[in-house]
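Student: sequence below, structure please.
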Amino acid sequence: MEELKVIMEKFAESGWDLISVPAQKWLDGKADKDALISAIQQADKECGSCGCDFDPLYKRALELL
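Tutor: Numbers count the residues shown, from 1 in each chain. The predicted structure follows:
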């Protein structure tokens with residue numbers, strides 16, 4: 001669970017509303033799990049192979065959820 005929290009903190013700080021908003025809601029204990037998973041899947045689809053530090057985090061977050 002700690003690993004997932006660290007990933008969500010990185011997402012929340014990303015500045016990309018697609019993942020930052022649902023990640024912050026998760027951190028606040030107000031997350032809609034389906035919406036969070038959907039947002040991470042969309043982020044992975046749009047940016048999951050660009051070579052940035054977030055690429056592996058999308059896949060790992062989905063595994064942990």
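Student: who are the packing partners of the helix or strand containing Leu36?
Tutor: Following DSSP states H and E, one finds Leu36 within helix 33-47. On a contact count with 3 or more Cβ pairs under 8 Å, 6 or more residues apart in numbering; DSSP states H and E, helix 33-47 meets helix 17-27, helix 55-64. (C-beta placed from N, C-alpha, C; glycine too.)
Student: please name the nearest non-neighbouring residue to Leu57.
Tutor: Residue nearest to Leu57 in three dimensions, not counting chain neighbours: Ile7, with 5.1 Å by Cβ to Cβ, 6 or more residues apart in numbering.
Student: so that neighbour makes contact with Arg60?
Tutor: Yes. Between Ile7 and Arg60 there is a contact at 6.4 Å, judged by Cβ atoms under 8 Å.
Student: of these two, who's got more company?
Tutor: Ile7 (21 against 14; other Cβ atoms under 10 Å).
Student: in which helix or strand would I find that one?
Tutor: Taking DSSP H and E as the definition, Ile7 sits inside helix 2-12.
Student: distance check, Ala39 against Lys59.
Tutor: Computed as Cβ to Cβ, to the nearest Å, the Ala39 to Lys59 distance reads 14 Å.
Student: the more surrounded of these two?
Tutor: Ala39 (24 against 13).
Student: tell me the contacts of the more buried one?
Tutor: Ala39 makes contact with Leu18, Ile19, Val21, Pro22, Ala23, according to Cβ atoms under 8 Å, 6 or more residues apart in numbering.
Student: can you get me a residue count around the closest residue to it other than its chain neighbours?
Tutor: Excluding the flanking residues, the one nearest Ala39 by Cβ to Cβ, 6+ apart is Pro22, at 4.5 Å. When neighbours are counted by other Cβ under 10 Å, Pro22 registers 24.
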